[in-house]
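Colleague: the following comprises the amino acid sequence and a computationally predicted model.
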Amino acid sequence: MKNLIRYVITRALLTVPMLFILLTIVFVVVRIMPGDPVSAMLGGHAPEKVIEQKKEELGLNKPLIVQYGLYLLQIARLDLGQSMIFKQDVKDAIGEKLPATIELTFFGMLITLLVGVPLGAYAADKRRTPQDYAIRLYGIVIYCIPVYWLGLMLQMIFGIWLDIFPISGRTGPRVFASTFELTGFYVFDTILIKDFSALGDVLIHLVLPSVTLGLTLSGIFIRLTRANMLDVLKADFILAAEARGIRHRRVVYKHAILNAFVPILTMMGLQVALLMAGAVLTESTFSWPGMGRLLLERIYLRDYPTIQGVIVIFALMVALVSLIVDIIYALVDPRVRY
Amino acid sequence: MGQKYGIEWWILMAGTVIILGIVFMAVFARLIAPYDPFAQNTGPQLAPPSQEHLMGTDNLQRDVFSRIVFGARTILGVAILAAIISSIVGITMGLISGYSGGGFDKVLSLIMDSVYSFPGLILAIAFAAMLEPGIISITFAVAVIYIPTYFRLVRGQTLTIKEELYVEAARAIGAPGITILWKYIFPNVIATTAVVFTMNVGDAIMIEAALTYLGLGLPPSIVDWGMDLAMGKKFLPSGQWWLITFPGAMISLLAVGFTMLGEGLAEILNPRLLER
């Protein structure tokens, strides 16, 4: 147990330099963007004096290196600062949008696992048969279909032609915003206040976006599961299980899949970045009010603190998920704890 | 050949055929496209696919098929150029970093690992937004995010190869570092990077189209599949399916082509995988 705690602490400390580097890159990148928040806010024709005054107010007239130092100090105090465009804390802007993104990625991942793992296991079991080839081909093709296009096609088929699922937003017009003041996770909120018709509305809005995101990533999981299952299926304990007369299906889908799951889990950590990128694009296609849309909106407004804040949160999420995955891995496989 | 490799060979061939087909289309765009991609009034507004307009027309009465044909130039050019740039930069940095070792190597690896773990698209969005829209800008934005991929791959291999006896021998007879890197180490890492390069182009295609779909990176004076897709999205609720179907299908097809080529190459170049 002591080893595990030490491992977790070391692992968590390792994310600090990563965050620092990403922060620096983003700080430099947004500041050499042409345009600045003041011009974006006041338009091109504001008098020189007003512009200068506003810049001073926002601290934009200080040398870059000073701005950078101040920003790092601010971040070190866990303060993301204030929006330069709106009278709003960056923390609040993100707090409003983050649950939407997490909800979308969670359900997306769920669908990825539900589709990818069984298909991958099946393909491994039927190695080098037409079923195997068909599943692998599906894996390649689905990986190459851009998530935004898949979203548009699903919108067209299930939203417009068949008219089964809504194609944008998190809720329909009949659900009141006040329903969601508890956590911002709409599924939770509606369950907490026991409003099941609202829950139904929220879930039906989740279907297309999460299926879109989930299917796109399922290709990778098919490949990973298949490769790991092939290794496991060659192991002696599988042969032993078969020899004891355990039914083949049970051996494959219980004994083997559980053993293949540890490497699949680690890979899951590595796919978080892809999941986030997919979420940004899915949000744009489905008008999903999440972090991706916030980022794009604020890039146009040159709202430096919010852009930086969003990037920090994305980096933190990536770091956090890989940390959690590593911890689970260490729990399952004691050899990892050094 | 076909017998020996089985399915991998066919995957490789299918990928090659798709890529060659689209490259052919891009090269001979002027001969293939029935209309100028910018010409308005080529027919009725928002007409569905027909004999005169194979893929229909858009809201400005432009011919969608002609725009698809010319758009192949943009996406192919950007994706391949971006992959070339990131491979040159990434391989060079990886070789130097892996060979020299020490603090320099540690710092550079840390930076590369940080960028690698971060969602590439989000970084590309930031870069694309920072630069004036144009071919060079979008190529740069796409290229930046793949540098760590090559860096990590090449650095790892360099670390192993530099311990080989023949490298030591070269050092013993006084070969300068640059010669060792270029003549002894580089030829041994290039084979694996070829596979990564092909996959990388496939990925870059999707990122390029994603950026232009989001309205970043390119001015409207350039024909581009991603931009056409974004435009077609506006007509989705009114049921003009051809405006989104064709650009998106082409992006997918091109990406599938490169991924299949990479996949086939990987399995043929690495016989150990063939056991699977």
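Modeller: Everything's here; your move. Numbers count the residues shown, from 1 in each chain, chains lettered A, B, ... in the order given.

Colleague: show the backbone phi and psi for residue 87.
Modeller: No chain specified, so I'll use chain A. phi -80, psi 80 (degrees, to the nearest 10).

Colleague: that's the wrong chain, I wanted chain B
Modeller: phi -70, psi -40.

Colleague: list the contacts of residue B:29.
Modeller: The contact partners of residue B:29, by C-beta atoms under 8 Å, 6 or more residues apart in numbering or on different chains, come to B:69, B:70, B:72, B:73. From N, CA and C alone the C-beta is placed, and that goes for glycine too.

Colleague: kindly report the same for residue B:99.
Modeller: Residue B:99 neighbours (C-beta under 8 Å, 6+ apart): B:158, B:162, B:177, B:180, B:181, B:185.

Colleague: neighbour count added to those residues, as a markdown table?
Modeller: Putting the contacts of residue B:99 into a markdown table (neighbours: other C-beta atoms under 10 Å in any protein chain shown) gives the following:
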| residue | neighbour count |
| --- | --- |
| B:158 | 26 |
| B:162 | 19 |
| B:177 | 11 |
| B:180 | 20 |
| B:181 | 20 |
| B:185 | 22 |
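
Colleague: if you rank the contacts of residue B:29 by neighbours, which is first?
Modeller: Counting neighbours by other C-beta atoms under 10 Å in any protein chain shown, residue B:69 leads the contacts of residue B:29 with 26 neighbours.

Colleague: neighbours around the residue nearest to that residue when sequence neighbours are not counted, how many?
Modeller: Sequence neighbours aside, residue B:33 is the residue nearest to residue B:69 in space, at 4.2 Å (criterion: C-beta to C-beta, 6 or more residues apart in numbering or on different chains). When neighbours are counted by other C-beta under 10 Å, residue B:33 registers 19.

Colleague: state the distance from residue B:33 to residue B:86.
Modeller: Distance of residue B:33 to residue B:86, computed by C-beta to C-beta, to the nearest Å: 31 Å.

Colleague: same question for residue A:226.
Modeller: 29 Å.

Colleague: which of the contacts of residue B:99 lies closest to residue A:31?
Modeller: residue B:158 (34.4 Å; C-beta to C-beta).

Colleague: ok now the helix or strand containing that closest one, how far from the chain's centre?
Modeller: Per DSSP states H and E, residue B:158 falls inside helix B:147-161. Taking the mean of its C-alpha atoms, helix B:147-161 sits 20 Å from the chain's own mean (C-alpha atoms, centre = their mean, to the nearest Å).

Colleague: can you name the residues of the stretch 1-150 of chain B sitting close to chain A?
Modeller: Counting by C-beta under 8 Å from any C-beta of the partner chain, the stretch 1-150 of chain B comes close to chain A at B:7, B:11, B:110-111, B:113-115, B:117-123, B:125-127, B:129-130, B:132.

Colleague: ok, 10 Å please
Modeller: Selection of the stretch 1-150 of chain B residues close to chain A by C-beta under 10 Å from any C-beta of the partner chain yields B:6-7, B:10-11, B:14-15, B:107, B:110-132, B:144-145.

Colleague: drop anything exposed from these.
Modeller: The neighbour count (16 or more other C-beta atoms under 10 Å in any protein chain shown) marks B:11, B:14-15, B:111-131, B:144-145 as buried among the residues of the stretch 1-150 of chain B next to chain A.

Colleague: quick one, helices of the stretch 1-150 of chain A?
Modeller: For the stretch 1-150 of chain A, helices defined by DSSP state H, counting those that start in this stretch occupy the ranges A:2-31, A:37-42, A:48-58, A:64-76, A:90-125, A:130-144, A:147-154.

Colleague: er, the stretch 151-276 of chain B I mean
Modeller: In the stretch 151-276 of chain B, the helices defined using DSSP H, counting those that start in this stretch lie at B:165-172, B:177-179, B:186-213, B:225-233, B:242-269, B:271-274.
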